[in-house]
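Chemist: compute the structure for the input listed below.
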Amino acid sequence: MAEPENTVEQPSAATNGTSTTELEALRARAENAEKERDQYLTLVRSTRAELENDLKRARRSFEEERKYALLPFAAALLPVLDNLERAMAAAEKVGEKGPLVQGVAMVLTQFRDVLKRNGVTPIDALGKTFDPNLHQAVVQQPTKEKPPMTVVQVLEQGYTIHDRVLRPASVAVAAAPTDEQKES
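Modeler: Below is the predicted model:
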């Protein structure tokens, strides 16, 4: 017995009852639907990219806010640190070494450590070239020993928090000696 062939005949437009113009209209609708789909797909992709960029920007902003949240608090503590350092300098000047001075020295060390752990570090200015981003020139000192615009004295210690200046260092800057100073 012979097996029947499995051929499927495609119905022609004439046998299906649809005309060629109806087929063309269906094809045009299908093409329009594909174009719309592609437009929506492009819109979805661009919206997704914008959303991802916004999320990244928000994360960076949040991290930066968190990183510098202590900035006002740390700035408010700097005068306290200055006063502790002045107290220690005055005690050293008069030769005081008693238990009170030792206690203040320990508190000062602890204070500096806490600031350092939170990203607050002193600006190393002495002997460096004057940098207006890190230093505030308060006075110029004519001198032959150092080239002009070199920090010769730190009047008030400056600090940074992470990579931002918390307080610039107040400094005395070397200046070229005047003619009168050169002669003497």
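Chemist: strands of this protein, residue ranges please.
Modeler: Using DSSP state E, the strands assigned to the chain run over residues 120-122, 135-142, 151-156, 159-161, 164-167, 169-175.
Chemist: kindly export the last one (C-alpha atoms) in PDB.
Modeler: Below are the C-alpha coordinates for strand 169-175, written out as PDB (Å, rounded to 0.1, in the frame of the first residue of the first chain):
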ATOM      1  CA  ALA A 169      46.700  76.600  56.200                       C
ATOM      2  CA  SER A 170      47.400  80.200  57.200                       C
ATOM      3  CA  VAL A 171      51.100  80.700  56.300                       C
ATOM      4  CA  ALA A 172      53.900  83.200  56.000                       C
ATOM      5  CA  VAL A 173      55.400  83.100  52.500                       C
ATOM      6  CA  ALA A 174      59.000  84.000  51.600                       C
ATOM      7  CA  ALA A 175      59.600  87.100  49.500                       C
END
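Chemist: name the strands paired with that strand and say parallel or antiparallel.
Modeler: Sheet pairing for strand 169-175, assigned by DSSP bridges, gives strand 135-142 (parallel), strand 151-156 (antiparallel).
Chemist: what's that strand in contact with?
Modeler: By Cβ atoms under 8 Å, 6 or more residues apart in numbering, the residues outside strand 169-175 that reach it are 123, 125, 130, 134-143, 145-158. Where you see a C-beta, it was placed from the backbone N, CA and C, and this is true even at glycine.
Chemist: make a PyMOL selection of the buried ones in those.
Modeler: Only the buried entries of those go into this PyMOL selection, using 16 or more other Cβ atoms under 10 Å:
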select buried, resi 123+125+130+134+135+137+143+150+151+152+154+157+158
